[in-house]
Each structure stands twice: as structure tokens, then as C-alpha cells.
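Undergrad: coordinates for the following, if possible.
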Amino acid sequence: MHGTPYVVSDVMSHTVAAVGRRAPFKEIVQLMQDWKVSALPVLEGEGRVVGVVSEADLLPKEEFRDSDPDRATQAHRLGDLAKAGGLTAGDLMTSPALTVRADATLAQAARTMAHAKVKRLPVVDEVGMLQGVVSRTDLLKVFLRDDGDIAEEVRREVVTPLFPGAASALRVEVVDGVVRIGGRVRDTSLVPVAARLVRAVEGVVDVEFDLAHAEGPTASALGPAHRA
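TA: Numbers count the residues shown, from 1 in each chain. Model (predicted):
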């Protein structure tokens, strides 16, 4: 994985709870409780994802259970009212399903979740067959990456290419995902580029620099622990 972005298949869950279109309401609720998830893929055929049923799809049944919606509510919440009367996953699901491919980067998956305001995404292959599920928690696993691995990648993929003459003299330390690069270089104008590249390394929480011009005084040209 060194030097390449982590992708969804690196962190996703391969064992997945799912339901068919005909799954009844109570079975859906029970499955969510048993698996401790907030949404389930809805499948048809050999496992093609056709929708997702979530807690939000189920709640209208309770919300409108003992109420008689006025005309304004009926006009603005037709979809929720229809789901309040739903009996099966096919009635309740959101379709088409919002999905992600296994080879998508974690950043792409994170953006999809953020824009759609969802916590989980079914992972599908090129024909829409279910491969797994990726959650917000899965995407955060990358920050558990070993500090030593991060430091090694930063040296190899960022420091050596950008500062070839000074790479061996530069210090790269990583503590709790925070990268600190110190030493003396000839061109500190490359620091913003280095900061962007370091932040692109999977598992990096932040980056700080303590660099000085190679010909200049020993004091840091950027100030101690400069955060780019």
C-alpha cells in the first residue's frame, strides 16, 4: 500500500446484512438491531443492490401512527406518508441505491457520504452486485496506521523527491499521526508543496515544519514547529 491511496476494499466490511424486496417491516427492524446498523442494502436476483432501507425510511410509520396529517403535510411529505404505509423493504427503500465501488479511494467515499449525509454505503462491483459495506467508522481506520509506516512513506514519497540533496539530513518524526519535518534545506519555498503531499499520505493527522536555509543561520527560517 506504500505510495498509493487506500481504497474502499482495504477497509470495508465483507460480511454484510442485507434484505430482499419482500422482507417485512419487523424483520428489517430486527435485523438492524441484531447487526447494530442503521441501514441495510436491498437485493434482488443473485445479489444486485436495488435500494437501501434505513432507519429514516422506517420512522414515518411511528411518526404518523396516531396522527391525521393536514393538507400542508400531505403536500410536502408525500414520500414519508407513503413509507408510513409501507410493509416491505420494496415499499420502504430509497432507490436507486447510493453505492460506491471497491476501488474508490477513501476520500471519494468520504465525500459521497458527506454530500448525501449517510453513514454507510453498499460496495458494489461493475454490474451492481453487492461486495460489502463501508461505514464512516471504516473510513477512519486509516488513522490507526503505524507511525513508523507513515514516516517511511513520507521520507520515500515526499522528502526524497522534493529535497534530494538534503533528504538524508532531514528529520522525519511521526507521533500520533502528526508529521514533523526538521533540518536545513536550500529551498524553503517548497514547504507548501511538501505540506500538501504529506497531508495526502494516508493516516496523517497534521504536518509541522522546523526548517532553515542551508546557507543561513541555525535558527529556523520558518519558526519552530511551523504548521504549513
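Undergrad: residues contacting Pro96?
TA: For Pro96, the contact set (CB atoms under 8 Å, 6 or more residues apart in numbering) comprises Val50, Gly51. The C-beta positions use only the backbone N, C-alpha and C, and glycine is treated the same way.
Undergrad: how far away is it from Thr112?
TA: Plainly put, Pro96 is 14 Å away from Thr112 if you go by CB to CB, to the nearest Å.
Undergrad: next one: Phe163
TA: In terms of CB to CB, Phe163 sits 36 Å off from Thr112.
Undergrad: those two: who's more crowded?
TA: Phe163 (22 against 16; other CB atoms under 10 Å).
Undergrad: which residue, other than its chain neighbours, is closest to that one?
TA: Val185 (5.2 Å; CB to CB, 6 or more residues apart in numbering).
Undergrad: pretty sure that neighbour sits against Ala167.
TA: No: here Val185 does not reach Ala167: they are 9.2 Å apart, not a contact under CB atoms under 8 Å.
Undergrad: of these two, which one has the most company?
TA: Between Val185 and Ala167, counted using other CB under 10 Å, Val185 has the larger neighbour count: 24 against 17.
Undergrad: what pLDDT does the model give that one?
TA: If you check Val185, the pLDDT there is 85.
Undergrad: and it, bridged to which residues?
TA: Assessed by DSSP bridges, Val185 has beta-bridge partners His213.
Undergrad: residue ranges for the helices of the protein, please.
TA: 8-11, 25-35, 55-63, 71-76, 78-84, 89-92, 106-116, 136-139, 147-154, 160-162, 191-199 (DSSP state H).
Undergrad: deepest-packed of those, please.
TA: Greatest average neighbour count among the helices of the chain goes to helix 89-92 (a mean of 22), per mean count of other CB atoms under 10 Å.
Undergrad: low-confidence ranges, this protein, go.
TA: 1-4, 63-82, 213-228 (pLDDT under 70).
Undergrad: now stretch 137-154 - C-alpha only, PDB.
TA: Taking Å, rounded to 0.1, in the frame of the first residue of the first chain, the C-alpha atoms of stretch 137-154 are listed here in PDB:
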ATOM      1  CA  THR A 137     -16.000   4.100  11.100                       C
ATOM      2  CA  ASP A 138     -14.300   2.000   8.400                       C
ATOM      3  CA  LEU A 139     -13.000   5.200   6.700                       C
ATOM      4  CA  LEU A 140     -11.400   6.300  10.000                       C
ATOM      5  CA  LYS A 141      -9.400   3.100  10.300                       C
ATOM      6  CA  VAL A 142      -6.700   4.600   8.200                       C
ATOM      7  CA  PHE A 143      -5.800   6.900  11.200                       C
ATOM      8  CA  LEU A 144      -4.800   3.800  13.100                       C
ATOM      9  CA  ARG A 145      -1.900   3.300  10.700                       C
ATOM     10  CA  ASP A 146       1.500   2.800  12.400                       C
ATOM     11  CA  ASP A 147       3.600   6.000  12.900                       C
ATOM     12  CA  GLY A 148       6.700   4.200  11.600                       C
ATOM     13  CA  ASP A 149       4.900   3.300   8.400                       C
ATOM     14  CA  ILE A 150       3.800   6.800   7.900                       C
ATOM     15  CA  ALA A 151       7.300   8.200   8.500                       C
ATOM     16  CA  GLU A 152       8.800   5.700   6.000                       C
ATOM     17  CA  GLU A 153       6.300   6.700   3.300                       C
ATOM     18  CA  VAL A 154       6.800  10.500   3.900                       C
END
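Undergrad: which non-adjacent residue is nearest Asp91?
TA: Asp91 sits nearest to Lys83 (CB to CB, 6+ apart), 7.1 Å away.
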